[in-house]
Each structure stands twice: as structure tokens, then as C-alpha cells.
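A.B. asks: A structural model of the following input is requested.
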Amino acid sequence: MWCLENEENLEGNITGTRILETLVNLTHRLDPTRPTTAAMNHGWNEGGYSDVVDVVGYNYGQRGMQYVKDKEKYPNRKMLATESTSYVATRVNIKIIRRRDTCRILVKGLVGDYNQVRTGSILWIILI
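C.D. replies: Below is the predicted model of the structure:
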């Protein structure tokens, strides 16, 4: 898959749509075997912007439930989370401990609630 832009300022307006459509057409001529996407963080449904790529990319589409709303409104749209984060943990550390016949994987991350990801306590999860 070819990603043709990342958080472009012209997302969702006519000028941006024309530029993106030109890039999509050129990309398809150069490599007709791969689909195109654009890693968008706004303007998904404005100005025909999402209509010109094969797969619509969502950077942080979980904000305002954008993924869910768009899937309901555009059920045939191919969608991809091109950049995102977890609601319940950020920046984890993983440690693997091997002892003879066992292996433990320790995952350390900050845990918060859905509205305040950065607040909360440190959690260690032991996966055996």
C-alpha cells in the first residue's frame, strides 16, 4: 500500500482533493498492484477527499468516535488506523524472563481511565 500524505493541511478541501487525486492517479499508473491511502487527521468527509484514495487512513480517528461514525455512514469504505494510541495504556516496557521450562513476559505501562490516559498508576502485568 502506498501512503500519499500524512496530516496534510489541505485535507478536506477542494485544492487538497485535486492534489491527492493527481497523486493517486500517478501512483496507480506507476504501480497498479497496490492500493493507496492517506494518513488523515481531519477533513475525512469534506471536499471529496476520502473518495479519491482506495483505503481511508485515520490518524487518531478514535477522537469523537470518528471511526465508528464513518463506518456507520460509509459502510463500504475501506478504513485503516494509520496512526493511533491506546485509551488505557501509553508507552509500555516489556521484559522477558526465561527460567528453565518457563517464560514470563512482564508488561509495564501507565494505566488511566478512558478520559484521562496520562493520569493513573503504573501497572505490571505478568503473562505466563
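
A.B. asks: correct me if wrong: I19 contacts N13.
C.D. replies: No - counting by C-beta atoms under 8 Å, N13 is not a contact partner of I19; they are 10.0 Å apart. C-beta coordinates here come from the backbone N, C-alpha and C atoms, glycine included.

A.B. asks: next up, the contacts around G47.
C.D. replies: Residues counted as contacts of G47 (C-beta atoms under 8 Å, 6 or more residues apart in numbering) are G12, N13, I14, G16, T17.

A.B. asks: quick check, nearest of the residues you listed to V56?
C.D. replies: For those, the closest approach to V56 (C-beta to C-beta) belongs to G12, at 11.9 Å.

A.B. asks: if we can go back for a sec, top of the contacts of G47 by neighbour count?
C.D. replies: Neighbour counts for the contacts of G47 (other C-beta atoms under 10 Å) peak at G16, which has 22 neighbours.

A.B. asks: in space, what's closest to it - neighbours in sequence excluded?
C.D. replies: Spatial nearest neighbour of G16, excluding adjacent residues (C-beta to C-beta, 6 or more residues apart in numbering): L10 at 2.9 Å.

A.B. asks: so that neighbour sits in a strand?
C.D. replies: No - counting by DSSP: H, G, I helix; E, B strand; the rest coil, one finds L10 to be coil, located in no strand.
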